[in-house]
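Quick one: sequence plus predicted model below, questions after.
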Amino acid sequence: MISSLEGIERLFLAAALAGLIGLERELRQKDAGLRTHILVGVGAALVMMVSQYGFFDVVRQDLIILDPSRVAAQVVSGIGFLGAGLIFIRRGGVQGLTTAAGVWLAAGIGLATGAGLLIWSVAATAVGLGADLTFRLLEIRLRRARRKGIMKLRIQCRDDRGVLAAVTAAVASEGWNIESAGFERQGLPEGVVEIRFLVSGGSSNPPLPTILLGVEGVLAARQ
């Protein structure tokens with residue numbers, strides 16, 4: 001059995017460690033931030049201590065044997081429902097996975113802290129933060145390197161599938177890769193559409209807008 005003071009110290013340590021994970025999410029303006037991670041970490045630590053030490057008054061040697069891991073297993077399962085609420089699909093992509101994983105990690109840190117595995121909980125916090133920040137920086141560098149060769153292209157043309165197909169074929173024929181394309185009809189004359197391309201990788205002479213102006217049905221083209 002641990003003292004009340006030691007139990008309180010574990011709760012505060014769980015709050016501090018889980019809060020570090022949540023702070024990174026908070027700074028990036030994610031749905032589950034500092035408060036959520038602190039609550040998850042402290043709650044998990046409390047549940048773990050209750051599982052370990054909360055039944056000593058009914059336990060008798062060689063009469064009742066309790067397995068503290070049974071409650072910890074329920075925390076691991078239950079936190080999955082909280083994480084699932086943070087994951088959603090937007091524009092065909094899955095978002096919230098990293099935040100959900102952070103909440104799950106905060107629960108694990110809380111369990112380890114509540115069980116008295118303090119070095120492990122500190123190490124898990126360091127590894128979690130280190131991995132997230134390191135790969136975040138790497139992701140930013142890769143995006144910047146990729147965007148160096150990207151060009152924005154705006155084309156106004158007749159709102160006709162044949163014209164759209166011809167424009168796409170002309171862009172590809174010059175060696176450009178179409179990264180994304182958006183269409184805008186609002187504020188334009190009837191029967192006219194504006195296509196906004198992000199293209200990369202090509203190098204054409206004359207410039208691509210000039211080439212596209214030669215496509216039948218293209219009314220205007222500019223970078």
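Great, that's in hand.

Just read off the phi/psi values of Ile178.
Main-chain dihedrals, Ile178, degrees, to the nearest 10: phi -80, psi 110.

tell me the domain boundaries of this protein?
As given by automatic domain parsing, the domain ranges for the chain are 4-144, 149-222.

out of those, deepest packed?
Most buried of these, by mean neighbour count (mean count of other CB atoms under 10 Å): domain 4-144, with a mean of 17. For every residue, glycine as well, the C-beta is placed using N, CA and C.

which helix in the chain runs the most residues?
Ranked by residue count, the top helix of the chain under DSSP state H comes out as helix 118-147.

so who does the closest residue to Asp159 other than its chain neighbours touch?
Excluding the flanking residues, the one nearest Asp159 by CB to CB, 6 or more residues apart in numbering is Val193, at 4.2 Å. Neighbouring residues of Val193 by CB atoms under 8 Å, 6 or more residues apart in numbering: Gln156, Cys157, Arg158, Asp159, Leu164, Phe183, Glu184, Arg185.

Same question for Gly108.
Gly108 is in contact with Ala44, Val76, Ala124, counting by CB under 8 Å, 6+ apart.

What score does the residue lying closest to Leu118 once chain neighbours are set aside have for pLDDT?
Nearest non-adjacent residue to Leu118, counting by CB to CB, 6+ apart: Leu13, 6.7 Å away. Note for Leu13: predicted pLDDT of 86.

Surely Leu13 is in contact with Ser121?
Yes - using CB atoms under 8 Å as the test, Leu13 is close enough to Ser121 to be in contact (7.3 Å).

Need the residues touching each of these two.
Common neighbours of Leu13 and Ser121 (criterion: CB under 8 Å, 6+ apart): Thr113.

hmm, back to that, weakest of the domains of the chain in terms of mean pLDDT?
Mean pLDDT is lowest for domain 4-144 among these, at a mean of 76.

chain center to whichever strand or helix holds Thr113, what's the gap?
Taking DSSP states H and E as the definition, Thr113 sits inside helix 97-114. On the basis of CA atoms, centre = their mean, to the nearest Å, helix 97-114 sits 15 Å off its chain's mean C-alpha point.

Stretch 211-223 now?
39 Å.

for stretch 72-81, same thing?
Stretch 72-81 sits 21 Å away from the centroid of its parent chain (CA atoms, centre = their mean).
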